[in-house]
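Trainee: sharing a sequence plus its predicted fold:
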Protein chains: 6
Amino acid sequence: DFLNALEEVKPLFGVAEEELGKCIRGDIIHYSEFINDILEEGRLYINQVRKPNSTPVLSVALHGPPGSGKTALAAKMAIDSGFPFIKLVSPEDMVGFSEMQKVQQLDKTFRDAYKSTLSVIVIDNIEMLVDWVPIGPRFSNTVLVALKVLLGKQPPKDRRLLIFATTTERSVLTQLDLFSRFDAEIAVPNVNDPAELGRVLERFPAFSDIESRRKALREIKDITSSDEIGVGIKKILTGIETAQQDQDVPGRFARVIAQAIAARSAFA
Amino acid sequence: DFLNALEEVKPLFGVAEEELGKCIRGDIIHYSEFINDILEEGRLYINQVRKPNSTPVLSVALHGPPGSGKTALAAKMAIDSGFPFIKLVSPEDMVGFSEMQKVQQLDKTFRDAYKSTLSVIVIDNIEMLVDWVPIGPRFSNTVLVALKVLLGKQPPKDRRLLIFATTTERSVLTQLDLFSRFDAEIAVPNVNDPAELGRVLERFPAFSDIESRRKALREIKDITSSDEIGVGIKKILTGIETAQQDQDVPGRFARVIAQAIAARSAFA
Amino acid sequence: DFLNALEEVKPLFGVAEEELGKCIRGDIIHYSEFINDILEEGRLYINQVRKPNSTPVLSVALHGPPGSGKTALAAKMAIDSGFPFIKLVSPEDMVGFSEMQKVQQLDKTFRDAYKSTLSVIVIDNIEMLVDWVPIGPRFSNTVLVALKVLLGKQPPKDRRLLIFATTTERSVLTQLDLFSRFDAEIAVPNVNDPAELGRVLERFPAFSDIESRRKALREIKDITSSDEIGVGIKKILTGIETAQQDQDVPGRFARVIAQAIAARSAFA
Amino acid sequence: DFLNALEEVKPLFGVAEEELGKCIRGDIIHYSEFINDILEEGRLYINQVRKPNSTPVLSVALHGPPGSGKTALAAKMAIDSGFPFIKLVSPEDMVGFSEMQKVQQLDKTFRDAYKSTLSVIVIDNIEMLVDWVPIGPRFSNTVLVALKVLLGKQPPKDRRLLIFATTTERSVLTQLDLFSRFDAEIAVPNVNDPAELGRVLERFPAFSDIESRRKALREIKDITSSDEIGVGIKKILTGIETAQQDQDVPGRFARVIAQAIAARSAFA
Amino acid sequence: DFLNALEEVKPLFGVAEEELGKCIRGDIIHYSEFINDILEEGRLYINQVRKPNSTPVLSVALHGPPGSGKTALAAKMAIDSGFPFIKLVSPEDMVGFSEMQKVQQLDKTFRDAYKSTLSVIVIDNIEMLVDWVPIGPRFSNTVLVALKVLLGKQPPKDRRLLIFATTTERSVLTQLDLFSRFDAEIAVPNVNDPAELGRVLERFPAFSDIESRRKALREIKDITSSDEIGVGIKKILTGIETAQQDQDVPGRFARVIAQAIAARSAFA
Amino acid sequence: DFLNALEEVKPLFGVAEEELGKCIRGDIIHYSEFINDILEEGRLYINQVRKPNSTPVLSVALHGPPGSGKTALAAKMAIDSGFPFIKLVSPEDMVGFSEMQKVQQLDKTFRDAYKSTLSVIVIDNIEMLVDWVPIGPRFSNTVLVALKVLLGKQPPKDRRLLIFATTTERSVLTQLDLFSRFDAEIAVPNVNDPAELGRVLERFPAFSDIESRRKALREIKDITSSDEIGVGIKKILTGIETAQQDQDVPGRFARVIAQAIAARSAFA
Ligand SMILES: Nc1ncnc2c1ncn2[C@@H]1O[C@H](COP(=O)(O)OP(=O)(O)OP(=O)(O)O)[C@@H](O)[C@H]1O
Ligand SMILES: Nc1ncnc2c1ncn2[C@@H]1O[C@H](COP(=O)(O)OP(=O)(O)OP(=O)(O)O)[C@@H](O)[C@H]1O
Ligand SMILES: Nc1ncnc2c1ncn2[C@@H]1O[C@H](COP(=O)(O)OP(=O)(O)OP(=O)(O)O)[C@@H](O)[C@H]1O
Ligand SMILES: Nc1ncnc2c1ncn2[C@@H]1O[C@H](COP(=O)(O)OP(=O)(O)OP(=O)(O)O)[C@@H](O)[C@H]1O
Ligand SMILES: Nc1ncnc2c1ncn2[C@@H]1O[C@H](COP(=O)(O)OP(=O)(O)OP(=O)(O)O)[C@@H](O)[C@H]1O
Ligand SMILES: Nc1ncnc2c1ncn2[C@@H]1O[C@H](COP(=O)(O)OP(=O)(O)OP(=O)(O)O)[C@@H](O)[C@H]1O
Ligand SMILES: [Mg+2]
Ligand SMILES: [Mg+2]
Ligand SMILES: [Mg+2]
Ligand SMILES: [Mg+2]
Ligand SMILES: [Mg+2]
Ligand SMILES: [Mg+2]
C-alpha cells in the first residue's frame, strides 16, 4: 500500500513542478524591495508548516491587481519550499468542467496532498475557479462552499499542508465570506513609479541604453501628465515586446503603457 | 436482526470518537470562567435526555464568532456524555455531495441514532451545511428544510436523542427560520481582554516568561490603542505558532493579533 | 378486486393510528376552555362529512403559534372520528424526497382515501411540506399547486373525505393563495396567562405543591415585568423537564419560560 | 383509418360526459336572471361554431370569483351543445405531471378534438394549469405558451372547435397576455344580495319555512351591518350543509356566511 | 446526391404551400391602399434576392397589432414569390418542444433552405417562438440567440434566402436586440376608420345592404363616442360571424366591435 | 505522432481559409485612411507573435458598431498572416449547441492551435457566443469563464498564438470583465461622412456617374438635415442592392440610408 501511495504521489509532483515553472517566464525581476519582502514572508509560512506539531493546515492569499505577478510569485514560493508534494490547481486546467467536476478535482488534490507529510497546493485565480462574474453577480456556490470547507479542513494526523491562493478580487472574496477563511494574506503591488519601471526596462537589450529609458519615461509622463504608473509587471513585459516591433521603440512603449494607465483609471 | 443492528451501530461509534477527538487539538484551555459554565450547561442537557420518559429529542445550538472554539466544545460535551451513539456530521465530509446526497447522509445519521437508546449528534457548521453564501443570499433550500424537519422529528418509542449544532451565523439561522427550532442555545465567546489572552499565553513555553507576555500585550495595545481583544482562541493558537518562526516572538505575535483585531473591526 | 382494495387500505389504517398516537405525548391538558371548543368544532365537521349526500370533501386548517398543540389536536380529532381510513401526511416522512416524490406521495394518499367511504387525512406542517423558507421567499411551486388542486378535487361518487391541515404560517398560506382553499379554519392559541400556565403546572409532581407554582409564576413576572405568557404548550412541557434537572426547579423553569417569552417578542 | 379514428374518439366522449356531469352537483339553481343570460350566451357561440364555413376555432373565457359556479356552467353548456366530441381538461387530473407532460396532455386533447367535425374542450382553472402562484410571481412558462398557441391554432379543414375556459384570475391572465387571446368572455357573478340568497335557500328543506330564511338573512345583516352578500354559490351550498349539523340552523348558517363575507373583504 | 437532395426539398415545398394557404382564409381584402403598398414592398425584396450576386440573405419583419393580418400577408408574399423552397416556421407546430428541439427545428429549416438556390422562410409569431411572457419578463434565451445568429448567417455560395417574420411585439424584439437584425421592416395596420370598416363589411351578404352597414357603423359610434376603430381584420371577420347568429345582426356586430375597441383602449 | 498531429491540423486549416474567405464578400473597400491603419495595426501584432521568444499568447479585440466590417477585417488579417493554423470560431456554427458543447468546441480549437507553432484564432461575435441578451441581463456564465481562462492560458513551450475577437458590445464585455483580458484593442468605425460614403458608392456601376452619387447624398441630407452618416459598410452595401430594384436608384438608396440613420439615433 505504501508503495502504491508513493507511486500515486510521485508523478503528480513531477507534473506540478513543470507546470509551476511555466508560470515564471524569464525570471522574477527585483524591481522593488517589496519583491524581497513578499518572498521572505512566504519562507516564514513554509517554516511554520515544516515544524512538527504545528498547525496542520495554513492558508495564505496573494492578492493584487491584474498581471502584478501573483501567480509567478506563488509558484516561486511553492518550488522553493522543497516540500515533497507540490500541486497547482488552475481554472486553465478545468475549462469545460462542470461545477461538480471542479469540486471533485479540488477534493482529489487535497486528498492526494494528505498522503504526503508536507504539501503545498497553489490555487490560482480563485475568483475564476468559482466562476465569478460581476453582473448579477453570479458564481458557483458549489465550488465556493467546497473551497471554504477545504481551507478549514483538518488533515489526518502527522500530515501538514500549506495553501497559496491567488486572486485579483480581494473584495469579492470578502463579500463571498471566503477571504476571512485564510490564515494570512500577502499583497502584491503593481509597478508603481518611474524608478521601478526603469529598473524593469534596464533588463532588456532594447532599453539597455539609458537615453531610450529616459525617452520612454518622459513620453509616458507627457501623455499622462503624471508620475504614477500603476501597471502590472505582466503588461509591461508584453508592452516591451510590442514596442520592439515598432521603429520608434520607446515611443511605442510609452503609448502602450499610457493606454494601460488610462484603461485602469477608467475603472477607478 | 438485533446483532445486525448492533454491528451497524458499533463501528459508527468508534469512528465518531476518533473524529471528534481530532476536533480538540491540545486541550480545552480554561482561560475564562465562561468555559466552565458552557461545559456545565452541556451536562445539564445531557442529564435531561438521559432521564427515562423525558422529551425524546432535544437540540442545542452553540453559536459564536469564527474560531471561538464551538466545534471543540461541542465535541468535548459529546464525548463526555458517554452515550452509546455519538456522531459528527460535518460539511468537511460532504465536499462534492449534491444537495440530495447531503440530505440522505443527514437522514441516515438520524436513522442510525434512532437505533440506540441514547444518542448524540453533533452537526458542525450548520450554515455551511446549507451552502449559505451571503451574496444573493443563496443556500440549499433542500438541506435547510431537511434540517428543520429532523430537528423536530420524534424518535421511535424509548429512543432519546441530543443534538448539538455549531454556527458562526446565528442571525442567518434566525432569518432562515432555523434557529427557533432549537430547544436551547449556548453562546461561545472570543478571548476578549488582555487578562484572558495572558491566561492562554502562559500555557506555551515561548511565553512562559512573564516579561514576554507583558511585551506582547503592551505591543498589541500600542498598535490598536485599545484594551479590547475579541479574537477567537483558534487564531490565537495559530498566531503563537507563526510568532515562533520569527526572531522577535512577542513582536510578531502582537502584529498578527493586531491584524486579526483590525480585520474583525472592518466588518463590525 | 374488492378484497384487494380492502387489503391495501387496512394496513394503512393501522400504521396511521400508531403514528397519530405518537403525536399526543402524555395527553391533551384542558388548561383553558378553548381546548374544548376546538375539539367540539372538530366533531361538527366530522358529523357533516359523515352525513350521506353531504359535500364530498371538506377541509379544515388548524393554525397557531409554534408548539401550541396543533398536531396533537388534529391527531386527537382524527382518531376520535372513528372513520375507517385515517392517514397522517408529514414532512418528517418525506426527508430527502424530491418535489415530484412528495406530490406523488400526496396523490397516492388521496387516491387511497378515495377507496374508503369515509376518510380523514391529516396534513401536518403544511408550510414545511411546500419547503417554505422566508428568505427569497422560496417554496416548492409544484407541491403547492398539487395541494391546491387536491384540496378542491371531487372524490368519486359515494366517497367522502375530511382534511385537517396544520400550520404556523397562516399569513404565508394566505399569500400563497392556499389558505382560502380551506372550507373552515380553527385557531389554536398559546398558553397565554399565569392562570392557564398554573393549570398546566399542577399536573406535574414537581409542581404539585402550590408554593412551587406560585414561586415559578412570580419569578417569571419578575423577569418579564408582565403578566403575559404567550408560550406554546410544547415548550412549557419541555421546560418543566429541563427544570427538573436543576436544584432550583421553579427558578430554572422561570428562566427557561422567560427566555421563551423574550425570544417570541424579538420577532413581534 | 376512419374506423380507427372513430374508435379513438368514442370512449373519450363517454368518459368526458361523466366527468362533466360530476361538476354539476344537484343542479343549476336559477337564483338570478343572469344565470339564464349566461346559458343563452353559451348557446350563441355553440351555434356560431356549428355553422359550416364559420371560424374554425372559437374560444370563450368564463371568469368570476371563487366558487361562483364557473365550472358547473361551462360543463352545462358543453353537455347541452350535443357536439360529438366533448372533453374536460382539468388540473385535478394532472397532479404530479411535469410541465412537459401537461403540455403533451393539452396537445393530445386538441389533436383528438381535430378528429371530430365539431368539438368542445373545457379547460378548467386555467391559472392553476399554468401553476400560477402570486408570490414571485411564478408560473409555468411552458404551459402558458402552449395554451396561447393552442387557442389560436387553426384546426384542419372542415373541423371546428369551441373552447370554454374557466378562471378566477382574469387580471392575472391579462398580465400573462393570455386573456386577450380569447374571442369572447362571460362574467359569472357571486350571489350578491339577500333576495338572490333567499332564492337559493328556498330550495332546501331546512329553509323551506320562510321564517328560517328571514332569520338567517337578518342575522347576516346584523353581523355584517350591510345588505351586500357577494359569496359564491359553492360556499353557500357547503354552508347550508354545515349549518344542518348545528341545532341553531339559521344562526350557524349566518355565522358561516358572515365569515365568508369578512374573508372576502380582507382581500378587497 | 443531387437527386437525393432534390427529394428532400420537394415534399417540404408541397407541405409548406398547403400550410401557408391555410393562413389566408377567404382572401386578402383590399380595404385600404396600404394593403397594396405592403404587397408591393414584398415584391421589391423578392426581386432583390432573385438577382444573382445580390446579398445572399435578406430578412424582413412584418409587425402590427394582433389580428391585423400579418401572417396572411407574409404567406401571400411567400407564395407569390414562386421560389422553389418555401417554408413556414410556426410555434403552432412546436407545442411541447423543448428549447433545444425548437432550435434544432429552426436550424434544420435553414439548412434545408440552403439546399435550394432561392428560398423563402416565414417565421410566424416570433415573440411566441422565443416563449416571451411579459411578466418577469421571461423568454427562451436559447431560441433567441439561435434566431439572431440564423438571421445573420451567410448561406453557402450561390444560395439566396429571403426571411419574412411576423410579430405583434416590435418593441419587445427591440429590447431583445433582435429587431435591429432585420434588414427591413413592414408595418401592418389595423382597420382604422369607418370607411375602411365599411369596405370590409360590403363583402359579406349580411351587410350587402348599405343600410345595415350604416346601422352598424352608427351604433359603434354611439357606444364608443368616437370615429376611431383600430381593430384587426381578423377580429372583424369573426365578429361578422358571431353577429350572424343574432337576430339583430348590425346591433350585435356593433357591440362586439365596440367591446374590442374598449379592450384595446384598456391597454393603451 | 508528428505525422498524426500534422494530419489533424491540415484539414482544419483548409476549411478555415474557405470559411474566412466567405466573410469578405467582394473586397475590402478603402473608403477611409482608417482602414489602412487598422490593417497595419494587425500586421504589427502578427509580427510580434511571429518573433521567437515573444509572448506566447496575444489577444486583440476588434470592436465597433453593427456591420462596420469587423469580421471581414479580422478575416483579412488572419489570412494575410500566413500562419500555418488559422481557425474561425463563430456562433453561426454553434446553433443548437449546449453551453458545454460550446466550451468543448472552444477548448478543442485552442488545443488544436497549440499543435502548430504559429496560430491565429478568430472568435467572431464574442457577445453572441456568450448568449448575451440585454434583458435581465442574461448570458452564459460557463462560456464566459471559459473565454476568460482561454484568453490568458499559456500555450505549451514553443507554441505561439494570436487571437482576434470581434464584438459590437465593447461596454458589455467590459461589464462582464472580459474586455480587460485582451492585450490590445482595435476600433472599427462606421462610414461616417458623405465623402466616405461617396468613396464607397463610386465602386458600383449604378453610381459610377457622379450625378447619381450627388443626388443620393443630397437626398440623404434633405431627409436627415445633417451631414452625419454613421452607418456600417454592410448596411450600405445591402442598401445599394435594394436601391437597384427601384426605378429611382439614388432616391431609394437615400431613403434606405436615411432610415438606417434614424434607427441608429433611436438608440443613441
Ligand atoms: N517581480 C516579479 N514578480 C512577479 N512576476 C514577475 C516579476 N518579475 C518578472 N515577472 C514575470 O512577470 C509575469 C507575471 O505574470 P503573472 O501571471 O504571475 O501575473 P498575475 O498577477 O498572476 O496575473 P493575472 O492577474 O493575470 O493572474 C511572469 O511572467 C513573471 O515571470
Ligand atoms: N477554551 C477553549 N474552548 C474551545 N477550544 C479551545 C479552548 N482552548 C483551546 N481550544 C482549542 O482551540 C481550537 C478551537 O477551534 P474550533 O475549531 O473548535 O473553533 P470553532 O469556533 O469551531 O471555529 P470555526 O468558527 O472555524 O468553526 C481547538 O483546537 C481547541 O482544541
Ligand atoms: N391542550 C393541549 N393541546 C395540544 N397539545 C397538548 C395539550 N395538552 C398537552 N399537549 C401536548 O403538547 C404537545 C403539543 O405539541 P404539538 O407537536 O402538537 O404542537 P404543534 O403546535 O403541532 O407544534 P409545531 O408548531 O412544532 O408543529 C403534545 O405533546 C401534546 O400531547
Ligand atoms: N346557478 C348556478 N350556477 C353555477 N353553479 C350552480 C348554480 N346553482 C347551483 N350550482 C352548483 O354550485 C356549484 C358551483 O361550483 P363550481 O365548482 O362550478 O364553482 P366554480 O366557480 O367553478 O368554483 P372554483 O372557483 O372553486 O373553481 C356546483 O356544485 C353547481 O352544481
Ligand atoms: N387585407 C388583409 N390583410 C390581411 N389579412 C386579411 C386581409 N383581408 C382579409 N384577411 C384575412 O384576415 C385574417 C387575418 O388573420 P392573420 O392570422 O393573418 O392575422 P395576424 O395579424 O397574423 O394575427 P395574429 O396577431 O393573431 O398572429 C386572415 O384570415 C386573412 O385571410
Ligand atoms: N473597408 C471595409 N472594411 C470592412 N468590410 C468591408 C470594407 N469594405 C467592404 N467591406 C465588406 O463589408 C462587409 C462587412 O461586413 P462584416 O460582416 O464584416 O461586418 P461586421 O462588422 O462583422 O458586422 P456584424 O456587426 O453584423 O458582425 C463585408 O462583406 C466586407 O467584404
Ligand atoms: Mg495569475
Ligand atoms: Mg467549528
Ligand atoms: Mg405540529
Ligand atoms: Mg371551478
Ligand atoms: Mg399571425
Ligand atoms: Mg461580424
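Mentor: Sure, I can see it. Ligands and ions are numbered 1, 2, ... in the order given.
Trainee: find the nearest non-adjacent residue to whichever residue of the stretch 151-268 of chain A sits closest to ligand 1, please.
Mentor: Nearest residue of the stretch 151-268 of chain A to ligand 1: residue A:234, at 3.9 Å (Cβ to the nearest ligand atom). Placement of C-beta: from N, CA and C, glycine included. Leaving aside its sequence neighbours, residue A:234 sits nearest to residue A:67 (Cβ to Cβ, 6 or more residues apart in numbering or on different chains; 3.3 Å).
Trainee: neighbours around that neighbour, how many?
Mentor: Burial of residue A:67 is recorded as 21 neighbouring residues (other Cβ atoms under 10 Å in any protein chain shown).
Trainee: likewise residue A:226?
Mentor: Applying other Cβ under 10 Å, I find that residue A:226 has 11 neighbouring residues.
Trainee: sec struct for it, please.
Mentor: Counting by DSSP: H, G, I helix; E, B strand; the rest coil, the backbone at residue A:226 sits in coil.
Trainee: the residue of the stretch 151-268 of chain A found nearest chain B: neighbour count?
Mentor: Residue of the stretch 151-268 of chain A nearest chain B, by Cβ to the nearest Cβ: residue A:153 (4.7 Å). Other residues near residue A:153 number 18, with proximity taken as other Cβ under 10 Å.
Trainee: next one: the residue lying closest to it once chain neighbours are set aside from residue A:60, what distance?
Mentor: Nearest residue to residue A:153, sequence neighbours excluded (Cβ to Cβ, 6+ apart): residue B:92, at 4.7 Å. Plainly put, residue B:92 is 20 Å away from residue A:60 if you go by Cβ to Cβ, to the nearest Å.
Trainee: look at the two and report which has more neighbours.
Mentor: More crowded of residue B:92 and residue A:60, by other Cβ under 10 Å: residue A:60, with 20 against 16.
Trainee: the strand or helix carrying the more buried one: what's the following helix or strand?
Mentor: Here residue A:60 sits within strand A:57-63, counting by DSSP states H and E. Next along the chain after strand A:57-63, taking DSSP H and E as the criterion, comes helix A:70-81.
Trainee: what angle sits between the very next helix or strand once past that following helix and helix A:70-81?
Mentor: Counting by DSSP H and E, the element after helix A:70-81 in chain order, helix or strand, is strand A:85-89. Strand A:85-89 runs at 170 degrees relative to helix A:70-81, counting by axes from the mean of the first three to the mean of the last three Cα atoms, to 10 degrees.
Trainee: before we move on, back to that, let's see the pLDDT reported for the residue nearest to residue A:234.
Mentor: Predicted confidence (pLDDT) for residue A:67: 95.
Trainee: just list the residues touching the residue of the stretch 151-268 of chain A closest to chain B, thanks.
Mentor: With contact set as Cβ atoms under 8 Å, 6 or more residues apart in numbering or on different chains, residue A:153 has these partners: A:57, A:110, B:92, B:95.
Trainee: what's the closest of the residues you listed to residue A:174?
Mentor: Nearest to residue A:174 among the contacts of residue A:153, counting by Cβ to Cβ, is residue A:57 at 20.8 Å.
Trainee: any idea how far the closest residue to the closest one other than its chain neighbours is from ligand 6?
Mentor: Counting by Cβ to Cβ, 6+ apart, residue A:161 is the residue found nearest to residue A:57 once chain neighbours are left out, at 4.9 Å. From residue A:161 across to ligand 6, the span is 50 Å (Cβ to the nearest ligand atom, to the nearest Å).
Trainee: what is residue A:161 paired to in the beta sheet?
Mentor: residue A:57, residue A:119 (DSSP bridges).
Trainee: my read: it touches residue A:151, true?
Mentor: No - in this structure, residue A:161 is not within contact of residue A:151 by Cβ atoms under 8 Å, at 10.2 Å.
Trainee: may I see the ChimeraX selection of the buried members of the contacts of residue A:153?
Mentor: In ChimeraX syntax, the buried subset of the contacts of residue A:153 is picked out as below (16 or more other Cβ atoms under 10 Å in any protein chain shown):
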select /A:57,110 /B:92,95
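Trainee: same list (the contacts of residue A:153) but as TSV, adding distance to residue C:42.
Mentor: As requested, these are exported to TSV (distance: Cβ to Cβ, whole Å):
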residue	distance to residue C:42
A:57	59
A:110	57
B:92	48
B:95	49
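Trainee: closest to ligand 3 out of the contacts of residue A:153?
Mentor: For the contacts of residue A:153, the nearest to ligand 3 is residue B:92 (30.8 Å; Cβ to the nearest ligand atom).
Trainee: so who does the closest one touch?
Mentor: Applying Cβ under 8 Å, 6+ apart to residue B:92 gives the contacts A:149, A:152-154, B:124.
Trainee: now do it against ligand 5, distance only.
Mentor: 58 Å.
Trainee: the helix or strand harbouring residue A:40 close to chain B?
Mentor: Secondary-structure assignment from DSSP H and E places residue A:40 in helix A:33-50. Yes - judged by Cβ under 8 Å from any Cβ of the partner chain, helix A:33-50 and chain B are in contact via A:44-45, A:47-48.
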